[in-house]
Structure formats: C-alpha cells, structure tokens
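Trainee: The following block contains a protein sequence and its predicted model.
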Amino acid sequence: MYIKDLLSKKRPTVSLELFPPKKGDTLEKSYEVISKSVALKPDFISVTYGAGGSNNKNTLEMADYIIKEGAVPLVHLTCVGVNEEMIISELTQQKKIGVKNILALRGDLKDGIPIPEDAKFRFASDLVEEILDFGGFCVGGACYAEGHIESANLDEDIENLKKKVDAGCSFLTTQMFFDNSVLYKFLYKIREAGITIPVLAGIMPVTNGKQIKRILELSGASLPPRFKNIVDKFGHDRNAMEQAGVAYATEQIIDLIANGVNGVHIYTMNKPDIAEGILNNLSYIIEV
Ligand code: FAD
C-alpha cells in the first residue's frame, strides 16, 4: 500500500516510528517491539536509518518483519556520505522485500561540514529524484515547523522545502513540536508558498525528564512554558512523568485532529506501551 493512498482517505491516520537496535540490543527485541506495535493497528510503521549507512541492514530486516506481520513499513533512507551505487543497491533490496514507501532524507552533516557542490546528493531533494527515477516507491520527506537548524529563518527553509516537494514528495512528516500553534503557523505559511501535499504532525511523548534536554538539542524544538512546568514538576519521577507525557501527547493530538490535521506520526521511541496509552485515549476520536 502506498502511503499517499492511505492519506487520501478523509479520516485521521496514526503512524508509529521505531528505530533499529542500538549497541548491545538484539534484532529479536526489535521484532517484539514490532509485533506489539502492529497489534495497535497503526496505518503504517516507520523505521529510522543511520546516516552514512550504519545500521542499514537492521532497518531493512525490521521493514521485512513489519511486512511479514501484515503492516505497512515506511523506510527512512539518508543520502549524506553515500554514492549513487549505494543508493541503487539499497533501493534494489527494499524493492525485493516489498517495501513501497521511503522517507527520503539528507541526514545530519558530519561535523557540520557542508556537502561539496559537485556531489550527487547534496540535499534530500536529490535523493527524492533518484528514488522516483528508480521507480515503484511512494516518497515522503521531512519538514521542520520551527525551521531546520541550518536555515537562516523559517521562510528560507520553506523555500527549500518547496524544492523538495517539487522534486516529487507525496507527503511530509514534521520534526517533533510541543506547541500546536507553531504547527498551525507553519501550515499556513507552507500552504501560502504553494505546498499542498499532506503533512503528518510528528508528536513525541516525553516520558522521561532526563531525555528532554537531549531531545531539544537534537530537534531544535522549543518547549512551551506549560510543558516546561510539567517536566519541572514530574521529570524526576518515572511513573508520574510517563503519565503526564502520555496525557500531554494525547491532548496535542486531540487538538490537532479537532483543527483538521488528519495525519499524526508518533515518535514512540520503541515503547509500544506508551503508544498504546495514547491510542487508548484516542480510540473514539480517531474513528470520527
Ligand atoms: P534537506 O531537506 O536536504 O534540508 C537540509 C537543509 O538544507 C535545510 O536547512 C534546508 O533548508 C536546506 N536545503 C534543502 N534543499 C536546499 C537547496 N536546494 N538549496 C539550499 N539549501 C537547501 N536522520 C537520520 O540520520 N536518520 C533518520 O532516519 C531520520 N529520520 C528523520 C525523520 C523525520 C520526520 C525528521 C524530521 C528528521 C529525520 N532525520 C533523520 C534527521 C534529518 O536527517 C536531519 O534533520 C537533517 O539535518 C536534514 O535532513 P532533511 O532530509 O530534512 O534535509
């Protein structure tokens, strides 16, 4: 199933994001996480990819397992530091196992060093074109409601985003954000800029007070005072923070759906029980 077809249905969609096993973890553990995630009946499950090609075998193995479990995978693919041959090899393997959807990404720059101008893949838009030339895939891209960290401002980032969309993306997924008004402003701006494809809102349930500093550093997302108060109050207590994180993410999603944002992508951080907590809270809401 192509994700663009899933998104064309006039109902809310919920997708989950998983990452491949980290050092010391096994694929078997990831398979357990996949089975539990599939049982929640998400519209699709995305699997992240290590920029530069690390972990790529596990990403593929996880996509294969998702297909075998009867769900739709969205496979992330980055192009920083790789050549055309490596991309073709990756696409060939993905097609062979039945992957139909790819999230085309550039990946983070190594040590912040820009990619040379004569490189085949400088931006995600170059990868989008390559995948579409290869054929057989529905391609999505990333976007940043608060602007990508390397862009001078949001307007410049949206200009560049338009190039990626014009290259042939069928949908976009946002970086996490914690203040819905930031997303509404972004959606208004991109629609004004002529970007009309579906945008999936990336929601991160923060369930661990210690994780928040690193999340903010990596994502560039800002923390609204209301959420900051929650982390200050409950961040030291695992159970309390988990409950508050699930409730906050639930509230964000209800507000998004009430305001016509139909695609929600939950950064589940390989915790299907957290995703389950949120989805239980939304059981009637996502059916409306
Ligand atoms: P691009 O779209 O290429 O944009 C990168 C920067 O270049 C932006 O500042 C943009 O404004 C600018 N730009 C783009 N096109 C042009 C142009 N033509 N001319 C001038 N400037 C331009 N990383 C991973 O390593 N693995 C993952 O699995 C992964 N999954 C992700 C999923 C989502 C939903 C998101 C939001 C991010 C993910 N990332 C992942 C992180 C991502 O790789 C980084 O944020 C990276 O720095 C940018 O990738 P991009 O695809 O958005 O790049």
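Mentor: Thanks, I have it. Residues are numbered from 1 along each chain as shown.

Trainee: List the buried residues of stretch 248-258.
Mentor: Across stretch 248-258, burial judged by 16 or more other Cβ atoms under 10 Å covers 248-250, 252-253, 256-257. Where you see a C-beta, it was placed from the backbone N, CA and C, and this is true even at glycine.

Trainee: Inside strands: which ones of those residues?
Mentor: Secondary structure from DSSP state E places none of the buried residues of stretch 248-258 in strands.

Trainee: looking just at contacts, which helices and strands does the least confident helix or strand in the chain by mean pLDDT meet?
Mentor: Every helix and strand of the chain was ranked by mean pLDDT, DSSP states H and E. The lowest is helix 211-219, at a mean of 85. Of the remaining helices and strands, none touches helix 211-219 by 3 or more Cβ pairs under 8 Å, 6 or more residues apart in numbering; DSSP states H and E.

Trainee: what element comes up after it heading to the C-terminus?
Mentor: helix 225-234 (DSSP states H and E).

Trainee: neighbours around Val182, how many?
Mentor: For Val182, the count of nearby residues is 17 (other Cβ atoms under 10 Å).

Trainee: who touches the nearest residue to it once chain neighbours are set aside in this structure?
Mentor: Once flanking residues are discounted, Val182 sits nearest to Ala145: 5.0 Å by Cβ to Cβ, 6 or more residues apart in numbering. Applying Cβ atoms under 8 Å, 6 or more residues apart in numbering to Ala145 gives the contacts 174-175, 177, 182-183, 185-186.

Trainee: and of those residues, the nearest to the ligand?
Mentor: Gln175 (3.9 Å; Cβ to the nearest ligand atom).

Trainee: Quick check: the gap between that closest one and Asp118.
Mentor: In this view, Gln175 and Asp118 are 29 Å apart by Cβ to Cβ, to the nearest Å.

Trainee: Quick check on those two: which one has the bigger neighbour count.
Mentor: Neighbour tally, Gln175 and Asp118, criterion other Cβ under 10 Å: the higher count belongs to Gln175, 19 against 6.

Trainee: which one is the more buried one nearest to, not counting chain neighbours?
Mentor: Distances taken as Cβ to Cβ, 6+ apart place Tyr144 nearest to Gln175, at 4.7 Å, with adjacent residues excluded.

Trainee: That neighbour contacts Gly220, correct?
Mentor: Yes - counting by Cβ atoms under 8 Å, Tyr144 touches Gly220, with 7.1 Å between them.

Trainee: Need the residues touching each of those two.
Mentor: With contacts defined as Cβ under 8 Å, 6+ apart, the residues shared by Tyr144 and Gly220 are Gln175.

Trainee: Of these two, which one has the most company?
Mentor: Taking neighbours as other Cβ under 10 Å, Tyr144 and Gly220 compare with Tyr144 leading, 23 against 15.

Trainee: quick one: contacts for that one?
Mentor: 151, 157, 174-175, 220.

Trainee: Show me the two of those that sit farthest apart.
Mentor: Within the contacts of Tyr144, two members stand farthest from each other by Cβ to Cβ: Ser151 and Thr174, at 14.6 Å.

Trainee: More neighbours: which of those two?
Mentor: Neighbour count, other Cβ under 10 Å: between Ser151 and Thr174, Thr174 has more, with 23 against 15.

Trainee: Can you give me the pLDDT of that one?
Mentor: pLDDT, Thr174: 98.

Trainee: centre of the chain versus the helix or strand encompassing Asp5, how much separation?
Mentor: Using DSSP H and E, Asp5 sits in helix 3-7. Relative to its chain's centre, helix 3-7 lies at 15 Å (Cα atoms, centre = their mean, to the nearest Å).

Trainee: Okay, now the sheet partners of whichever helix or strand comes after it, with direction.
Mentor: The helix or strand immediately downstream of helix 3-7 is strand 13-18, counting by DSSP H and E. Here strand 13-18 has these sheet partners by DSSP bridges: strand 44-47 (parallel), strand 263-267 (parallel).

Trainee: Show me which positions of the first one end up buried.
Mentor: What that stands for is strand 44-47. 44-47.

Trainee: Give me the mean pLDDT for it.
Mentor: Per-region confidence: strand 44-47 scores 98 on mean pLDDT.

Trainee: is the ligand contacted by it?
Mentor: No - using Cβ under 6 Å from any ligand atom, strand 44-47 stays clear of the ligand, coming no nearer than 7.6 Å.

Trainee: Now the element after that strand, going C-ward?
Mentor: Proceeding N to C from strand 44-47, the next assigned helix or strand is helix 56-68, under DSSP H and E.

Trainee: All set, thanks.
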